[in-house]
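>>> Coordinates only, no sequence provided:
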């Protein structure tokens, strides 16, 4: 699963594929893959 964020309204969505349209603002092709904070930094 990937985490996607809408560049127009900031909606976050979890999905395998990049969403085509934002369900909140209706903007098309506005999603970018969000960096996962859990994988950054030190690992114990």
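Arrived safely, thanks for sending. All figures in this text were calculated on a predicted structure; none of them were measured in a lab.
>>> and stretch 14-23, how far apart are its ends?
13 Å (CA to CA, to the nearest Å).
>>> Can you give me the buried ones in it?
residue 22 (16 or more other CB atoms under 10 Å). Bear in mind the C-beta positions are built from the backbone N, C-alpha and C, glycine included.
>>> do the same with stretch 24-33
30, 31.
>>> Where does the prediction get shaky in this structure?
Along the chain, segments meeting pLDDT under 70 span 36-44.
>>> gap between the closest residue to residue 29 other than its chain neighbours and residue 3?
Once flanking residues are discounted, residue 29 sits nearest to residue 20: 6.9 Å by CB to CB, 6 or more residues apart in numbering. Per CB to CB, to the nearest Å, residue 20 is found 17 Å from residue 3.
>>> quick revisit: how close does the residue nearest to residue 29 sit to residue 14?
Residue 20 is 16 Å from residue 14, by CB to CB.
>>> Could you count how many residues lie near the closest residue to residue 23 other than its chain neighbours?
Of all residues beyond its chain neighbours, the one nearest residue 23 is residue 11 (7.4 Å), with distances taken as CB to CB, 6+ apart. Neighbourhood size, residue 11 [other CB atoms under 10 Å]: 17.
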